[in-house]
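> model this:
(chains A and B)
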Amino acid sequence: MSSEAQHPVNLNTLYQQVILEHYKKPHGKGALEAPTITKSLQNPTCGDNLTVYLILDEANKVADVKWDGSGCSISMATASMMAKAVKGKSLEQVDEIMHKVYAMIKGDPGEYKSIGELQALAGVAKFPVRVKCATLAWHCVEEGVKEYKGGNDVNG
Amino acid sequence: MTLDVARIRQDFPILHQEMNGHPLVYLDNGATTQKPRQVIQALVDYYEGYNANVHRGIHTLAERATDAFEGARAKIAKFIGSPSPDQVVFTRNGSEGLNMIAHGWARTRLKAGDVMITTAMEHHSNLIPWQEAAKATGATLKIVDLNADGTLKMETYDRFLAEGSVKLVAFTGASNVLGTINPIEEMTAKAHKAGAIVVVDAIQIVPHMPVDVVKWDVDFISVSGHKMLGPTGTGFLWGKAELLDQMEPTYHGGSMIAEARLAGATWAKSPAKFEAGTPNIGDFIALGAAVDYLTALGMEKIHAYEVELTNYAWTQLSAIPGMQLYGPKEPRTGLISFNIKGIHPHDMSAVLNEYGVAIRVGHHCAQPLTEALGVPATNRASFYLYNTPAEIDRLVEALLQAKEFFGDVE
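Sure thing, here's the model as predicted:
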């Protein structure tokens, strides 16, 4: 028997195997030198803190992405999954993925096949107190990109 | 004779329910305690039988409400060894009492050059009011640091007192995170020698052990009613009579004046002076019932039982591999904060909840302390008179399940 069957059903809804794998073997953890975008955010109530680094190429595609921080398995696994999902994508594609994730975690019914393994986060919808854990990395991306674009507009 | 916990548990309806398919194990008493039938019944009796405003009406209902309300004050006074019920001021919670002292005493009397002392193990409610009072008056706030075992560094405390100009010392009787019980009488005697008044956050002390404010010789204490079987929205501050005379009221309005003229007013004596407006009558009467309940069991016995239970929990938790416990083994109040390597407290709490075990996780409103421990958050199991060794075993089992569930983390 896998250990999944021995634990309460709710736990396996929240902590899907793929989430636990990302937590135990995170992708893209660390810092980037000379990133185009750096954004740090905290969840003050739980003490989670996260920094996301993005390097954009000339075509505004994510050439590289890393993140660092500390927090619960959901926030750390989400950062890892985010890093895997956005690498090589254009900012428009990143935006699309991000809004699908937000909608899914809110519990909106919809078609989420296109976001691949990120679908594992669907169970978070049943745990409202953990939504902020599962969106912290994405909020870093969202606000970081917004600041970058704002900065570019001002300069341009 | 020890406590008859099986009998006590019958008085707490909320404990007899399932949580996620398991009997509820409530270990979050540091946040708030459950309420016995007797307390709940006191609320029902009041609202069904004699609800009226106090200190005003001449009619019988008002008289009955006033008698019960002031009766609760007298019970509390006796419970903590206060020479008079007039020294017990009703508040909404522990934080409000500390804020009232900061506003009514510290801010009206301190000036630039004066010093206040508090410690690095305080709840925000015994830190921020003094920070703000320092800002407002130009006084300096000095913070006593901690030893590695989670006790106060007495050398630092002594040095601060020796440096002079100390007008106020505020410290917790027992830390809500570390469980450390501070030497109240020793610290108070030293502060008085240096000419300072002493404010003790007794929120984690009064519910758990016998207290005699006269023996402590402290000047003010603040206590939370809902952490000692009473309803939420109740707390009280106690002060020495002459200090309550010196202290200015924080709130103004009905019931608190001696004489009101269009040109100004004079204040009533304590406690009326500090209780403007219609008080939380029913809830304080019910807090009186909580005090009756605790008194009938005996605080000596309650304390002895909690010590036994906490020692058992310490031993059982220590045996778990990867376990880090915070604070000294003893003396400690009935709570233990801990972390297990590789499992974040939020994940821990989520797993425990699925096994019906309720604990608190986070920084416990003591963020500077949590940071000093070098962790983002801790788990805290806090006990009370209705908890059992079998419930500690359930906690340990659930922790082992969590370890298995999360496995080894890189």
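
> if I've got this straight, A:A63 is in a strand?
Yes - counting by DSSP: H, G, I helix; E, B strand; the rest coil, A:A63 is found in a strand.

> which ones are touching it?
A:I55, A:L56, A:D57, A:G88 (CB atoms under 8 Å, 6 or more residues apart in numbering or on different chains). No exception for glycine: its C-beta is placed from N, CA and C like everyone else's.

> nearest residue to B:L61 other than its sequence neighbours?
Leaving aside its sequence neighbours, B:L61 sits nearest to B:A52 (CB to CB, 6 or more residues apart in numbering or on different chains; 3.9 Å).

> which SS state does the one you found fall under?
coil.

> What residues does chain A have near chain B?
Proximity of chain A to chain B, by CB under 8 Å from any CB of the partner chain, involves residues A:3, A:7-8, A:10-11, A:14-15, A:20, A:23-26, A:45-49, A:70-74, A:127, A:130, A:133.

> residue boundaries of the helices in chain A?
Listed in chain order, the helices of chain A (DSSP state H) span A:9-14, A:17-24, A:73-86, A:91-106, A:131-155.

> Please identify the most buried of the ones you listed.
Neighbour counts (mean count of other CB atoms under 10 Å in any protein chain shown) averaged over each of the helices of chain A peak at helix A:73-86, with a mean of 26.

> what about that one, distance to the chain center?
Its chain's C-alpha centre lies 4 Å from the corresponding centre of helix A:73-86 when counted by CA atoms, centre = their mean, to the nearest Å.

> With stretch B:64-71 instead?
For stretch B:64-71, the distance to the chain centre is 25 Å (CA atoms, centre = their mean).

> shaky segments in chain A?
A:1-6, A:152-156 (pLDDT under 70).

> For the residue of the stretch 51-200 of chain B at minimum distance from chain A, grab the count of nearby residues.
In the stretch 51-200 of chain B, the residue that lies nearest chain A is B:H124 (12.4 Å; CB to the nearest CB). Using other CB atoms under 10 Å in any protein chain shown, B:H124 has 17 other residues around it.

> Name all residues that make contact with the nearest residue to it once chain neighbours are set aside.
Among residues not flanking B:H124 along the chain, B:C365 sits closest, at 4.8 Å (CB to CB, 6+ apart). Neighbouring residues of B:C365 by CB under 8 Å, 6+ apart: B:H123, B:H124, B:S125, B:N176.

> For these, could you give me JSON lines that also reports pLDDT and secondary structure?
Listed next are the contacts of B:C365 as JSON lines, based on pLDDT from 0 to 100; DSSP: H, G, I helix; E, B strand; the rest coil:
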{"residue": "B:H123", "pLDDT": "93", "secondary structure": "coil"}
{"residue": "B:H124", "pLDDT": "93", "secondary structure": "helix"}
{"residue": "B:S125", "pLDDT": "94", "secondary structure": "helix"}
{"residue": "B:N176", "pLDDT": "92", "secondary structure": "coil"}
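
> Let me have the residues you listed in TSV, extended by distance to B:G230.
Shown next, in TSV, are the contacts of B:C365 (distance: CB to CB, whole Å):
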residue	distance to B:G230
B:H123	19
B:H124	22
B:S125	18
B:N176	18
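
> Most neighbours among these, which one?
B:N176 (29 neighbours).

> From chain A, how far off is the residue nearest to the spatial centre of chain B?
Closest residue to the average C-alpha location of chain B: B:I203 at 1.5 Å, with CA atoms, centre = their mean. Computed as CB to the nearest CB, to the nearest Å, the B:I203 to chain A distance reads 21 Å.

> The stretch 301-410 of chain B against chain A: which residues are in contact?
B:344-347, B:350-351, B:354-355, B:361-363, B:370, B:376-377, B:401, B:404-410.

> For B:L262, grab phi and psi.
The phi/psi pair for B:L262 (degrees, to the nearest 10) reads phi -60, psi -30.

> same thing with B:E48?
Listed backbone geometry of B:E48 is phi -90, psi -20, with angles given as degrees, to the nearest 10.

> neighbours of it, just the number please.
Neighbours of B:E48 using other CB under 10 Å come to 8.

> Next, count neighbours for the nearest residue to B:K227 once chain neighbours are set aside.
Once flanking residues are discounted, B:K227 sits nearest to B:P207: 5.2 Å by CB to CB, 6+ apart. Neighbour count for B:P207, taken as other CB under 10 Å: 29.

> where's B:P207, which helix or strand?
Assigned by DSSP states H and E, B:P207 falls within no helix or strand.

> from what I can see it touches B:M228, true?
Yes - counting by CB atoms under 8 Å, B:M228 is a contact partner of B:P207 at 3.5 Å.

> Now for the two: what residues contact both?
Shared contacts of B:P207 and B:M228, defined by CB under 8 Å, 6+ apart, comprise B:T33, B:L294.

> ok so, going back, hmm, B:I58 and the residue nearest to B:L61 touching each other?
No - counting by CB under 8 Å, B:A52 sits too far from B:I58 to count as a contact (10.8 Å).

> Contact distance from chain A - what residues of chain B qualify?
Counting by CB under 8 Å from any CB, chain B sits next to chain A at B:20-21, B:344-347, B:350-351, B:354-355, B:361-363, B:370, B:376-377, B:401, B:404-410.

> just checking, which of those residues belong to helices?
Among these, DSSP H puts B:P345, B:H346, B:D347, B:A350, B:V351, B:E354, B:T370, B:Q401, B:E404, B:F405, B:F406 in helices.

> quick one, what contacts the second one?
If I follow you right, that is B:H346. A:C46, A:G71, A:C72, A:I74, A:R130, A:C133, B:V361, B:A377.

> out of everything not next to it in sequence, what's closest to the first one?
With sequence-adjacent residues excluded and distances taken as CB to CB, 6+ apart, A:C46 is closest to B:H346, at 5.5 Å.

> so B:L24 touches B:G356, yeah?
Yes - here B:L24 reaches B:G356: they are 5.5 Å apart, a contact under CB under 8 Å.

> joint contacts of those two?
With CB under 8 Å, 6+ apart, B:L24 and B:G356 have common neighbours B:E18.

> you'd agree A:A79 is up against A:A134?
No - A:A79 is beyond contact range of A:A134, at 10.1 Å (criterion: CB under 8 Å).

> Residue ranges in the stretch 1-150 of chain B under the pLDDT threshold?
In the stretch 1-150 of chain B, residues with pLDDT under 70: B:1.

> For the closest residue to chain A within it, which residues are in contact?
Nearest residue of the stretch 1-150 of chain B to chain A, counting by CB to the nearest CB: B:N20, 6.4 Å away. By CB under 8 Å, 6+ apart, B:N20 lies in contact with A:P8, A:N10, B:N353, B:E354, B:Y355, B:G356.

> Quick check, the third one in contact with B:L24.
No - with contact defined as CB under 8 Å, B:N353 does not reach B:L24; the gap is 10.4 Å.

> show me where the stretch 201-350 of chain B has helices.
B:213-216, B:241-246, B:281-297, B:299-318, B:345-354 (DSSP state H, counting those that start in this stretch).

> which outside residues touch stretch B:90-98?
With CB under 8 Å, 6+ apart as the test, stretch B:90-98 has contacts from B:73, B:89, B:100, B:123, B:125-126, B:129, B:170, B:199, B:201, B:203, B:220-227, B:232-237, B:271, B:275, B:279-280, B:284.

> centre of the chain versus it, how much separation?
The chain centroid and the centroid of stretch B:90-98 are separated by 10 Å, computed with CA atoms, centre = their mean.
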